[in-house]
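Student: need the 3D shape of this:
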Amino acid sequence: MSSVSSASDMEEDCILLPLTEIEVVEEEEESTSSDSAEEIPSSVSKQRRVSLASIRRQRKLGTLASLRPASQPISIPAREQRQTPVVSIPVKNWRIAIQKAREFVKNSPNAWQKFGLEKHATEKATRHRYNALRKSWSEDTVLVKMEDEPFDHGAMRECFRLKKLSNFSRSLDWNRASNYVAKRYIEKVERDVYFEDVKLQMDAKLWGEEFNRHDPPKKVDIMQVVMLEFKDRPGSPLYHLEHFIEGKYIKYNSNSGFVEDESLRCTPQAFSHFTFERSSHNLIVVDIQGVGDLWTDPQIHTKEGTDYGDGNLGTKGMALYFHSHACNRICKALNLTPFDLSNTEIASLERAQFIQTSSKTILRGSEEIVIDPRLKNTGDITLFLRQRSESPRNSPRVSESEDVAMSTSVSPPYSPIDFLDDDPFAASLRRLRSDSENSSVTREAEHEEFARRQVSRPSCVTLEVNFRRMSLIQGQLTGGSVLGEVHLEMAKYHENGRFAPQQGLNMLHQEEVDWDSAIFHLEKAAVCGVLEAIVALARMFLQLPHDVLEGAHVENTEENTNRGVDYMRMAAVAGDRSAMIYLANGYHTGIGLGTEREIDWVEATRWYSQAVSQSGEDEEGCYDATMEDPAYVLMAKEAELYRQGGHGLERDPERAAELYNEAAELAMAAMKGRLASKYFMIAEECWGEMEE
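Tutor: Numbers count the residues shown, from 1 in each chain. This next block holds a predicted model:
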C-alpha cells in the first residue's frame with residue numbers, strides 16, 4: 001500500500017515539460033521491505049538533476065550523476081533562444097511568390113475538368129529529359145491519361161490534352177494531376193527530329209536564364225519541354241510534352257524576320273538581340289511566342305546553319321531578324337550595340353521605334369549591362385572585350401545611386417516550371433538547394449560556368465574590326481566574321497527583292513531594289529573580311545562582271561577604279577586566285593591599275609608565282625579552279641618577264657628557261673602537245689641567250 005501511495009504522490013509531483021528543452025528531475029521511490037530491520041526515512045530521499053542526454057551517457061557507463069539534497073530547489077533553466085537563420089530578401093520574396101502561386105492553383109478551378117480526362121485509361125510512358133548545361137539525357141517512367149483525338153493543330157503538329165501524375169504523389173488522385181499538352185507531328189518524321197526539338201527549346205531556355213541574370217525589367221522564361229515515349233503502343237510513338245498555360249497566345253517575332261506591329265514589345269526583341277551578342281554571334285534565338293513572357297516553340301539560328309531542324313536558317317535568318325529590329329530602351333539599358341543599317345532602312349523602322357517608345361515597360365536602372373559604357377572612349381579594345389566577357393554578377397551597374405531596395409532585387413535563379421515535374425512549385429524550391437545528382441557541382445555553379453564561357457561580341461562593324469585586329473587570327477585578313485556574313489546575306493536579300501515594297505502579283509523591277517542599301521551592306525561585309533564581298537566590290541568598282549549584286553552599278557571614275565584595285569589587292573592577299581591573276585596582269589601591262597599604281601614587273605612576277613602555287617584553299621576554305629588561266633600559261637608569262645627584264649626586274653635568261661621547261665611539262669600533261677613543243681623551243685633559246 002505504501003508503494004501505491006508513494007507512486008501516486010510521485011505522479012502528483014511530476015512536471016510535464018517538452019523533452020528536448022528541459023532537464024528531468026528524478027526522485028528515488030520510497031520503499032519498505034519486510035526483511036529490513038529499519039525503515040528508510042523520507043529525508044533520505046535524494047533528487048538528482050540531469051539532462052536526458054546525460055542520463056543516456058551515464059546509463060551506458062553504468063554510473064549516476066551526483067545527488068543533491070532535497071532542500072535545494074529544483075531549477076529549470078530558461079529556454080534557449082534559437083537563432084533564426086538569416087534569409088535574404090530575394091529568397092523570402094521567392095518563397096512568398098511560391099506560396100501565393102500554390103494558393104492560386106489550389107483555389108483555381110480545373111480548366112480541363114469538363115473534358116473528363118480522368119475516365120481515360122492510365123498509361124505508362126517513358127519520359128526523356130534533356131539537361132542543356134550538361135548536354136546529357138535522362139529518362140524515367142510516368143503515369144499519364146491522354147485524349148484519343150487532338151483538340152487543336154497547327155501547320156505541322158497536332159495537340160492532345162493530357163494529365164500526368166506527380167512521381168512524388170502518394171495517391172492516384174487524377175483530379176489533382178497537372179494539365180499538359182502533348183504534341184506530335186502530323187506528317188511522319190524521323191525520331192531524331194523529336195529529340196532535336198527538345199534540345200532546341202532547352203538550349204533556348206538556358207539563354208532565357210542567362211538573359212534574366214542581367215536583371216532586365218521583365219524576366220522571361222521558356223517552357224521546359226520533354227518527350228514522352230509510349231512503348232506499350234504499336235510503334236512506340238513519341239510526343240512532346242509541355243505544361244498547359246492559359247492566356248492569350250501571341251507571336252512576337254518569327255524565324256523569317258516578321259514582326260507584327262500590334263504585338264511589338266521591347267522585351268522579346270531585346271532578348272533576341274541579346275542572344276546574338278552574348279553568344280559571340282554563334283546563334284540567335286527568334287520566333288518568340290507564348291503567353292506574356294512565358295514562351296514556347298522558339299527557333300535558334302546558328303552560324304553554321306546546322307542542328308535545330310529545318311527552321312535553322314543560319315546567317316540568313318540572322319539577317320532577316322536585324323532588318324526588322326530597331327533597338328529599344330532595353331537594348332540600350334543592356335548596352336547592346338546597334339546593328340549597322342542604311343539611312344533608308346533606319347527610316348523604314350521609325351514606326352517600330354515609335355511603337356516601342358510607347359511601351360509600358362519601365363527601366364529600373366538596375367539592369368546588368370553587357371558592356372560598360374565608360375569603356376567606349378578608352379580605345380582599349382582588350383579591356384573592352386574583357387569587360388564584355390565577365391559574368392554579369394561582377395559587372396558594374398548602370399547607376400551607382402540606385403534605390404537600395406531596387407538594387408537588392410535579384411531575380412530568382414530558376415523559373416517555377418523549370419523541371420516540368422510533379423509539383424512545379426516544389427520543384428522550384430528544390431532547385432534552390434544544390435543538385436547532388438551524380439555531381440558535387442551545384443546547378444548555380446554550372447550556370448556560372450556557362451556564363452563565364454560566353455564572350456560577348458558587339459553587333460556594330462566598327463567594334464567588330466577592332467576585335468579582329470586583336471584576336472588570334474591576326475595573320476588572317478578574311479574569314480571568321482559571322483557579322484560580316486550577316487551583312488552579306490542582307491545585301492543578297494536586297495538584290496532578290498526580299499525587302500522591297502510589296503507589289504502584289506507584279507514581278508519585281510530593278511528600279512524597285514534598294515541598291516544603295518545593298519551596296520552599303522556589301523561594303524560592311526567587306527570591312528569585316530568576307531572574301532566574297534571583297535571580290536564582288538572589287539569587280540564592281542572596276543566595271544567587271546560580278547556574281548553578287550549583278551544589277552548594281554557604280555560610276556566609272558578614277559576614285560572608284562582605285563578603290564577597286566584596293567579591294568582586289570585585299571582579295572589577292574587573302575588567297576583569291578582570280579585576284580592574284582588580275583594584279584599580275586595589271587602590274588605586267590599597266591591596264592586596270594588606276595592612278596595610284598604603275599607597271600612593276602617585280603610585283604607582276606610575284607603575283608604570277610603565287611597564282612601558280614595557289615593549288616589549295618583560300619582563307620575561307622574555297623578553291624578557285626580557274627581553267628581560263630591554267631598554271632602553264634601563267635608560268636610562260638612569268639618566264640617572258642624574266643627573259644626581257646625591265647620595270648625594276650633584272651633580266652634572268654636562266655630563270656626564264658627553267659620556267660618555260662616547267663610550263664612545257666604541264667602543257668604536255670594537259671594534252672597540249674603543240675603548246676608544249678613551243679615552250680620547249682623557247683626554253684632552248686633562253687639557254688642559248690644565257691651562253692651568249
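
Student: in what helix or strand does the residue nearest to H494 when sequence neighbours are not counted lie?
Tutor: For H494, ignoring the flanking residues on the chain, the nearest one in space by Cβ to Cβ, 6 or more residues apart in numbering is A518 at 3.7 Å. For every residue, glycine as well, the C-beta is placed using N, CA and C. If you go by DSSP states H and E, A518 is part of helix 515-527.

Student: which residues sit against that helix?
Tutor: Residues outside helix 515-527 that contact it (Cβ atoms under 8 Å, 6 or more residues apart in numbering) are 340-342, 344-345, 461, 465, 484-485, 487-488, 490-491, 494-495, 499, 532-534, 536-537, 540, 548-549, 551-552, 554, 567, 570.

Student: do the same with stretch 562-572
Tutor: Here stretch 562-572 makes contact (Cβ under 8 Å, 6+ apart) with 477-478, 526, 531, 534-535, 537-542, 578-580, 582-583, 586, 592-597, 607, 610.

Student: Three-state assignment for F168, please.
Tutor: coil (DSSP: H, G, I helix; E, B strand; the rest coil).

Student: should've said A584
Tutor: Assigned state for A584: helix (three-state reduction, three-state DSSP).

Student: swap in V142?
Tutor: Applying three-state DSSP: V142 is strand.

Student: next: K637.
Tutor: Classified using three-state DSSP, K637 is helix.

Student: so it sits right up against T589, yeah?
Tutor: No. Contact criterion Cβ atoms under 8 Å: K637 and T589 do not qualify, at 10.3 Å.

Student: overlap of the contact sets of these two?
Tutor: By Cβ under 8 Å, 6+ apart, no residue touches both K637 and T589.

Student: okay, these two: which has more neighbours?
Tutor: Legend: neighbour count by other Cβ atoms under 10 Å for K637 and T589, higher for K637 (20 against 11).

Student: show me what contacts that one?
Tutor: 584, 588, 608.

Student: which PyMOL command selects the buried ones in the contacts of helix 515-527?
Tutor: In PyMOL, this line selects whichever of the contacts of helix 515-527 come out buried by 16 or more other Cβ atoms under 10 Å:
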select buried, resi 340+341+342+345+461+465+484+485+487+488+490+491+494+495+499+532+533+534+536+537+540+548+549+552+554+567+570
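
Student: any weak-confidence spans in this protein?
Tutor: Across the chain, the ranges flagged by pLDDT under 70 are 1-84, 105-106, 108, 260-263, 352-441, 471-478, 502-511, 615-627, 691-692.

Student: what residues of the longest helix along it count as buried?
Tutor: Taking DSSP state H as the assignment, the helix of the chain that covers the most residues is helix 191-212. Neighbour counts over helix 191-212 (16+ other Cβ under 10 Å) mark 194, 196-212 as buried.

Student: outside of stretch 140-150, which residues touch it?
Tutor: Residues outside stretch 140-150 that contact it (Cβ under 8 Å, 6+ apart): 115, 117-118, 120-127, 129, 158-165, 167, 172, 174, 177, 180, 182, 228.

Student: mind telling me what element E598 is part of?
Tutor: Applying DSSP H and E as the criterion places E598 outside every helix and strand.

Student: residues contacting it?
Tutor: G590.

Student: count the residues that sit near E187.
Tutor: For E187, using other Cβ under 10 Å, the count is 6.

Student: surely it and E158 touch.
Tutor: No. In this structure, E187 is not within contact of E158 by Cβ under 8 Å, at 10.5 Å.

Student: so what does A155 look like in phi/psi?
Tutor: Torsion angles at A155 (phi, psi; degrees, to the nearest 10) stand at phi -70, psi -30.

Student: any idea how far E444 is from it?
Tutor: Applying Cβ to Cβ, to the nearest Å, the value for A155 to E444 is 39 Å.

Student: in stretch 284-300, what counts as buried?
Tutor: Neighbour-count burial for stretch 284-300, with 16+ other Cβ under 10 Å as criterion, is recorded at 284-290, 293-300.

Student: what's the end-to-end length of that stretch?
Tutor: 6 Å (Cα to Cα, to the nearest Å).

Student: out of the contacts of stretch 140-150, which are inside strands?
Tutor: 123-127, 129, 158-164, 180, 182, 228 (DSSP state E).

Student: report the buried members of these.
Tutor: Neighbour counting over the ones in strands among the contacts of stretch 140-150 (16+ other Cβ under 10 Å) leaves 123, 125-127, 129, 159-164, 180, 182, 228 as the buried ones.

Student: how about the helices of the stretch 401-550 of the chain, start to end?
Tutor: 404-407, 424-432, 443-453, 461-470, 482-496, 515-527, 531-541 (DSSP state H, counting those that start in this stretch).

Student: returning to what we had before: just the angle for the longest helix of the chain relative to helix 443-453, thanks.
Tutor: 90 degrees (axes from the mean of the first three to the mean of the last three Cα atoms, to 10 degrees).

Student: what residues of the helix or strand containing M580 count as buried?
Tutor: Assigned by DSSP H and E, M580 falls within helix 577-589. By 16+ other Cβ under 10 Å, the buried positions in helix 577-589 come out as 577-588.

Student: show me which of the buried residues of stretch 284-300 is closest to S136.
Tutor: Checking the buried residues of stretch 284-300 against S136 with Cβ to Cβ, the nearest one is I300 at 19.0 Å.

Student: how about the closest one, nearest residue that isn't a chain neighbour?
Tutor: Y308 (4.8 Å).

Student: mind listing what that neighbour touches?
Tutor: 196, 199-200, 203, 299-300, 302.

Student: that one in helix, strand or coil?
Tutor: Per three-state DSSP, Y308 ends up coil.

Student: and it, how far is that from P234?
Tutor: 30 Å.

Student: same question for K114.
Tutor: Taking Cβ to Cβ as the measure, K114 falls 30 Å from P234.

Student: you'd agree N175 is up against W112?
Tutor: No. Counting by Cβ under 8 Å, W112 is not a contact partner of N175; they are 10.4 Å apart.

Student: who's more crowded, these two?
Tutor: Neighbour count, other Cβ under 10 Å: between N175 and W112, W112 has more, with 18 against 9.

Student: wait, that one sits on N179?
Tutor: Yes. W112 is in contact with N179 according to Cβ under 8 Å; the separation is 5.1 Å.

Student: mind listing the shared neighbours of these two?
Tutor: Joint contacts of W112 and N179 (Cβ under 8 Å, 6+ apart) are 161, 163, 244.

Student: how about those in JSON lines, adding distance to L143?
Tutor: Formatted as JSON lines, those follow (distance: Cβ to Cβ, whole Å):
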{"residue": "R161", "distance to L143": "16"}
{"residue": "K163", "distance to L143": "9"}
{"residue": "F244", "distance to L143": "17"}
